[in-house]
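Participant: Fold the stuff below for me.
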Amino acid sequence: MHKYNHIEDFELADLLKSGDRDAFTEIYNRYHWALHIHAYKWVRNREDAKDIIQEVFSNIWKKHHLLSFEPNLSLYLYASVRNRIFNFLSHQQVETSYITSLGSFLNKGECITDHLVRENQLKAIIEKEIENMPKKMQLVFQLSRNKHLSHKKIAEELNISEQTVRKHIQHALRILKVKFGVLAIIYFIGNL
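Facilitator: I've put the predicted structure just below:
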């Protein structure tokens, strides 16, 4: 693997196109931190930036034999990250608009009995899913969402750091988002 440290980018790109895993690993090691920093400047969330970089490199490996790294590998990588960032931000904007419009609808009191029944059913399903989370995450999430405690208050009460509180809440929301999609997030944002 050490032999790849001194190879120029254009040679690594050629080796990658031929399916050389070690060349791919060297490209990843050479660029992933700089690309992560670049993505973080846009999305302001380390996990989202990490996911963007992971998607870029995953896509590069899947399509390595089809790609052209012209005019050079570095520009290709930064352009790929930029495009993923734009897709990510665009998706977030659509999601935010949807959540806002749904929130407005719910706040107008136009929910009919059928919607209230569905909301209660969704609430029960979500609460069951929360019960399946690790106990500490479950406790942090419930203190945040049900008791409306700040991250600082939760950290003090549980004798953990605010960063740990943030990570538990982010992970819990990610679990719910994967499990239920946007409906769970809408429900919990509406109850903040």
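Participant: Pick out the residue closest to the middle of the protein.
Facilitator: What sits nearest the mean C-alpha location of the chain, by Cα atoms, centre = their mean, is D48, with 3.9 Å.
Participant: nearest spatial neighbour of that residue, skipping sequence neighbours?
Facilitator: F88 (6.7 Å; Cβ to Cβ, 6 or more residues apart in numbering). Yep, even glycine has a C-beta here, placed from its N, CA and C like the rest.
Participant: Where does the one you found sit: helix, strand or coil?
Facilitator: Secondary structure, DSSP: H, G, I helix; E, B strand; the rest coil: F88 is helix.
Participant: Isn't it up against V43?
Facilitator: Yes: contact status for F88 versus V43: in contact at 6.3 Å, counting by Cβ atoms under 8 Å.
Participant: Identify the contacts common to the two.
Facilitator: Counting by Cβ atoms under 8 Å, 6 or more residues apart in numbering, the shared contacts of F88 and V43 are I52.
Participant: Mind splitting this structure into its structural domains?
Facilitator: Using automatic domain parsing, the domain parsing of the chain gives 2-90, 111-190.
Participant: which one of the ones you listed lies closest to I99?
Facilitator: domain 111-190 (5.4 Å; Cβ to Cβ).
Participant: got any ranges where this structure has weak pLDDT?
Facilitator: 1-2, 98, 102-115, 180-192 (pLDDT under 70).
Participant: Which parts of it are helices?
Facilitator: 9-17, 21-43, 46-62, 73-107, 113-131, 135-145, 151-158, 162-180, 182-190 (DSSP state H).
Participant: Adding distance to K3, write the ones you listed out as CSV.
Facilitator: CSV is the format used below for the helices of the chain (distance: least, Cβ to Cβ, whole Å):
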stretch, distance to K3
helix 9-17, 11
helix 21-43, 8
helix 46-62, 20
helix 73-107, 18
helix 113-131, 49
helix 135-145, 44
helix 151-158, 48
helix 162-180, 39
helix 182-190, 47
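Participant: returning to what we had before: pretty sure the residue nearest to the centre of the chain contacts L89?
Facilitator: No: the pair D48 / L89 is not scored as a contact, 9.9 Å apart, by Cβ under 8 Å.
Participant: hmm, back to that, around the residue nearest to D48, how many other residues sit close by?
Facilitator: F88 has 19 neighbouring residues, counting by other Cβ atoms under 10 Å.
Participant: before we move on, what about S18?
Facilitator: Neighbours of S18 under the rule other Cβ under 10 Å: 9.
Participant: and it, how far is that from L12?
Facilitator: Separation of S18 from L12 (Cβ to Cβ, to the nearest Å): 11 Å.
Participant: now W42
Facilitator: 26 Å.
Participant: try I52
Facilitator: Using Cβ to Cβ, one gets 21 Å for the distance from I52 to L12.
Participant: likewise D20?
Facilitator: For D20, the distance to L12 (Cβ to Cβ) stands at 8 Å.
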